[in-house]
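> pasting the sequence and the predicted model now:
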Amino acid sequence: MNFSDHPPFVWPFLAGMAFIFVYLPLVYLNWLRKGKLKEFRVMPAHIFSSKTLLAVKEIFSECLLHRRIFRFNRRLGYMHMSLAFGWFLLIVVGKAETMLFTHDGFNPPYLPVFFKYFYPSGIPHTFKGYFFLTLMDLLLLFVLSGLFLAFYKRFRSRRLGMTRTTRHILPDRIALTFLWMIFPFRWFAESVTAGLAGSGGFFTLGSGKLLAGILPLDLMQEPAWWAYSVALGGFFFALPFSRYMHIFTEAVMILLKHWGMKTPERDNGYGDFELNACSRCGICTNVCQLSADAGITHSQAVYFLRDARYGLLERDTAENCFLCGRCSRACPVEIGVDELRLAARRRFAGELAAPVTGIPRGVNGQGTFPGLNTQTGSGMKSKGVAGLKVDVKEGMKGGATRDQKNGVEVLYFGGCMSHLTPGIMAATRTILEKAGISFAVLDEQETLCCGRPAMQAGLEGQAREIIARLSERIRQSGASLLLVSCPICYRVFREEYHLPIPVEHHTRYFSRLVTSRPALFHSSSLRMSYHDPCDLGRGSGIYEEPRKILRHTGTLVPVPQEREDALCCGGSLANLAITPRQRQQVTDAAYAHLTAEAPDFVVTSCPLCKKTFAAGKRPVPVIDIAEALAFSMTGDTVPTRLQKSTRELVAP
Amino acid sequence: MSTKGDKWGFQPEKSNVIVLDRPVAPLYRQLRLKVPSLASCFFCGGCSATCTASEEGMNFRVVHLLLCRGEMEKVGSLIAPCLLCGKCTLVCPRNVDTRSVVFNLKLALHELQ
């Protein structure tokens, strides 16, 4: 056969393919141009290392096999895998088949795609020929089964694990229509040709023979192949403007990720790869509590990424989010949605990001710092631990002087939210005093903000100013460790402050105390369920330490969704657009989830979670882990005050 | 219609009347649309009592009053020290999203400049 005279029907496919191979590299280069040279200098070291191999492995397992979707739902995983991996194999095996046939690796690009048109019976009368015919038919069946599931998903999405599916826009619908036409048309065209030739694979020949009985196949042949080619070409032309941009972009993004590019503080182009790597599969809308509990259906990760990609982002879409991280955790592409959202909020805040004057005086670093009050609990050890009554008020007065502050082991920072839940600060004092650890309280008389709420609102400049001043104060304190009660503060101290001393959240610090001095803490028969705060769990990766404390002091009751999949309490400061009523709906649902097993207490390790859950009448009290630990230290197995209030609430 | 009271001259003149329930200033009207819960604020001052930035002059109750009156000049400097920590919202007995009010105000005033 002479390949120089192309049959005319190959042209739509060729044009589409040429468009993709010219347009996509241009787009990618344009994005990369935003990056600064020094950001790319680190790349060669990564490119020629095992990281590239890791990237290729991830591309294989995520872009083709879709392993992370299998984790979410097996049927959905199969659907995505059969379409992606099946199509990939059709291309690769098809190419191998043609190479075997023409003994030429550089045969025309359309040959593998339209192979059956040119050679309906493959390589006749050989095992190789039969093998490829059967294999290609099996692969086509594989893809068609995925397509059937995708079609089925339109009507019964729940059977594929999707409570909610994405609402698609016009470019997506156009591309989807072309995509769905490709494989049935291929099947039809191959069947027609097989029916005419009387030979082919088991699947196409079978359907071809059936068609021969009812259709004039000789008239159908050319239109059938035309239709297949047009579907392919149309899909390729629609691809860069639709969600299917993810097919190629995801692979490039994974490479860049392994080569050391990050979601940017400054726009360096990587964000564009992330935005375009979203396939709008909609898994994020299924894990989002806003859609499940509060009826908010416009600001989920998928819609945020879509609007940002097309430049249609509105403030409300960027702001109506708890930044709880559940969507990033579920995302099969692992897009850093929270970072992109923060970047968008910073853009909306605009010039406000510049520093402003008038930060509260307490942190101005002028030496007038009324909050710093030093004390030590070391003198109390001799009195023994069990049964010791600690006068919290006495402890608060301290009695230490400024001079002592350089000697303290621990600098304790309660944060704003602990000031609203003073039980946590009192409990922390009790524990530190009884353990004989010398400590100073950084925000004794007044509250100081760590800067993270402003940062989450996009007010970067204001946040940076407070961070600079507060970190100066912490440096001057001379303490050897900063102890924090609030996961929100903990995260920003860890990520943004760059302190010379270690920062510890109290769960971690106290779990070490439980290990090293278990005799200090008494066990009880209390049943407790644990609520993972977003910033401590998904944000900082601390799951085991609080559970260790609770197992030591009582019985830990499991919660259906915990650890990485834990729910948000609904109190997150990151959401700037939610109404109080919607917030309450999220909180109520999360509370019901935590008390499903009827524990004696819900324990959390975040003052904001505690405060959020505390609003309204709650049959099961919510306490902080420091309080649970302090109770177990004082020997009161059940804190009387809480017990009383529980009785009152249960028996009206 | 004339009563004795009219002739005394002790009635407030119309121009001095501030009806706090009726938003007059355009910015305030927009804000009420953006954060409807602001309507249920009854100026108790719980927010101001817990405020971290209060010693720098931040006072949500005052800000709200100034907004009602349409006195925008002072509002900007009052809300500047707010760090959006959100304590005011958590203590509010009327479930007013005070934090959202201040945040939107910051952005709106910035756009006006």
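Ah, there it is.
> quick one: contacts for residue A:283?
A:69, A:72, A:76, A:162, A:330, A:331, A:332 (CB atoms under 8 Å, 6 or more residues apart in numbering or on different chains). All C-beta spots, glycine's among them, are computed from the backbone N, C-alpha and C.
> list the contacts for the closest residue to the fifth one other than its chain neighbours?
The reference is to residue A:330. Leaving aside its chain neighbours, residue A:330 sits nearest to residue A:287 (4.5 Å; criterion: CB to CB, 6 or more residues apart in numbering or on different chains). Contact analysis of residue A:287 by CB under 8 Å, 6+ apart lists A:326, A:327, A:329, A:330, A:565.
> picking up where we left off before, narrow the contacts of residue A:283 to those in helices?
Of the contacts of residue A:283, the ones assigned to helices by DSSP state H are A:69, A:72, A:76, A:330.
> export those to JSON lines and append columns for neighbour count and distance to residue A:138.
Output for the ones in helices among the contacts of residue A:283, formatted as JSON lines (neighbours: other CB atoms under 10 Å in any protein chain shown; distance: CB to CB, whole Å):
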{"residue": "A:69", "neighbour count": "25", "distance to residue A:138": "22"}
{"residue": "A:72", "neighbour count": "19", "distance to residue A:138": "27"}
{"residue": "A:76", "neighbour count": "24", "distance to residue A:138": "22"}
{"residue": "A:330", "neighbour count": "22", "distance to residue A:138": "32"}
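> residues contacting stretch A:248-261, please?
A:20, A:24, A:28, A:35, A:39, A:42-43, A:46-47, A:51-52, A:54-55, A:58-59, A:62-63, A:268, A:270, A:273-274, A:276-277, A:279, A:333.
> now do stretch A:609-622
Contacts of stretch A:609-622 (CB under 8 Å, 6+ apart): A:417, A:420-421, A:424, A:531, A:533, A:569-571, A:584, A:587-588, A:590-591, A:595, A:598-604, A:623-624, A:642, A:645-646, A:649-650, B:90.
> hmm, which of those are the buried ones?
A:417, A:420-421, A:424, A:531, A:533, A:569-571, A:584, A:587-588, A:590-591, A:595, A:599-604, A:623-624, A:642, A:646, B:90 (16 or more other CB atoms under 10 Å in any protein chain shown).
> which of the residues in the one helix or strand residue A:429 maps to are buried?
Here residue A:429, judged by DSSP states H and E, is contained in helix A:422-434. The neighbour-count check on helix A:422-434 (16+ other CB under 10 Å) flags A:423, A:424, A:425, A:426, A:427, A:428, A:429, A:430, A:431, A:432, A:433, A:434 as buried.
> try stretch A:186-201
Within stretch A:186-201, the residues that count as buried by 16+ other CB under 10 Å are A:186-196, A:199-201.
> quick one: average confidence on that stretch?
Average pLDDT, stretch A:186-201: 90.
> all strands for the chain, in order.
The chain I'm using is chain A. With DSSP state E as the criterion, chain A has strands at A:373-375, A:410-413, A:439-441, A:481-484, A:503-505, A:527-531, A:555-557, A:601-604, A:622-624.
> residue A:17 against residue A:236, yeah?
Yes. Using CB atoms under 8 Å, residue A:17 is in contact with residue A:236, at 5.9 Å.
> following the chain onward from the lowest-mean-pLDDT helix or strand in chain B, which element is next?
Lowest by mean pLDDT, DSSP states H and E among the helices and strands of chain B is helix B:4-8, with a mean of 60. Beyond helix B:4-8 in the direction of the C-terminus, DSSP H and E gives the next helix or strand as helix B:26-34.
> so which residues make contact with that following helix?
For helix B:26-34, contacts defined as CB under 8 Å, 6+ apart pick out B:23, B:38-39, B:67-68, B:70, B:72, B:100-101, B:104-105, B:108, B:112.
> of those residues, just the buried ones, PyMOL syntax please.
A single PyMOL command selects the buried members of those (16+ other CB under 10 Å):
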select buried, chain B and resi 23+38+67+68+72+100+101+104+105
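> closest to chain A among the contacts of helix B:26-34?
residue B:100 (5.7 Å; CB to the nearest CB).
> skipping adjacent residues, who's closest to that closest one in space?
Spatial nearest neighbour of residue B:100, excluding adjacent residues (CB to CB, 6+ apart): residue B:35 at 5.0 Å.
> now do residue A:79 against chain B, distance only.
40 Å (CB to the nearest CB, to the nearest Å).
> over to residue A:222?
With CB to the nearest CB as the criterion, residue A:222 and chain B are 61 Å apart.
> now do residue A:590
To chain B, residue A:590 is 16 Å away according to CB to the nearest CB.
> isn't residue B:97 right next to residue B:86, touching?
No. With contact defined as CB under 8 Å, residue B:97 does not reach residue B:86; the gap is 9.6 Å.
> count of neighbours near residue 92?
I went with chain A, as the question did not name one. Residue A:92 sits with 12 neighbouring residues when counted by other CB atoms under 10 Å in any protein chain shown.
> the intended chain is chain B.
Neighbour tally, residue B:92, other CB under 10 Å: 21.
> check residue A:165 too.
The number of residues near residue A:165, taken as other CB under 10 Å, comes to 18.
> can you pull the contacts of residue A:511?
By CB under 8 Å, 6+ apart, residue A:511 lies in contact with A:545, A:546, A:548, A:549.
> repeat that for 10 Å
A:505, A:542, A:544, A:545, A:546, A:547, A:548, A:549, A:550, A:552, A:625, A:629 (CB atoms under 10 Å, 6 or more residues apart in numbering or on different chains).
> how about residue A:31?
Neighbouring residues of residue A:31 by CB under 10 Å, 6+ apart: A:249, A:252, A:256, A:267, A:268, A:269, A:270, A:271, A:272, A:273, A:275, A:276.
> against which helices or strands is the helix or strand encompassing residue B:111 packed?
If you go by DSSP H and E, residue B:111 is part of helix B:98-112. Helix B:98-112 sits against helix A:315-319, helix A:337-349, helix A:452-456, helix B:26-34, helix B:46-50, helix B:60-69, helix B:72-79, helix B:87-91, with contacts defined as 3 or more CB pairs under 10 Å, 6 or more residues apart in numbering or on different chains; DSSP states H and E.
> okay, the angle between it and helix B:60-69?
Between the axis of helix B:98-112 and that of helix B:60-69 there is an angle of 50 degrees, by axes from the mean of the first three to the mean of the last three CA atoms, to 10 degrees.
> now helix B:98-112 and helix B:26-34, what's the angle there?
Using the same axes, to 10 degrees, helix B:98-112 lies at 140 degrees relative to helix B:26-34.
> quick one: neighbours of the closest residue to residue B:78 other than its chain neighbours, just the number.
Leaving aside its sequence neighbours, residue B:78 sits nearest to residue B:63 (CB to CB, 6+ apart; 5.3 Å). Using other CB under 10 Å, residue B:63 is surrounded by 22 other residues.
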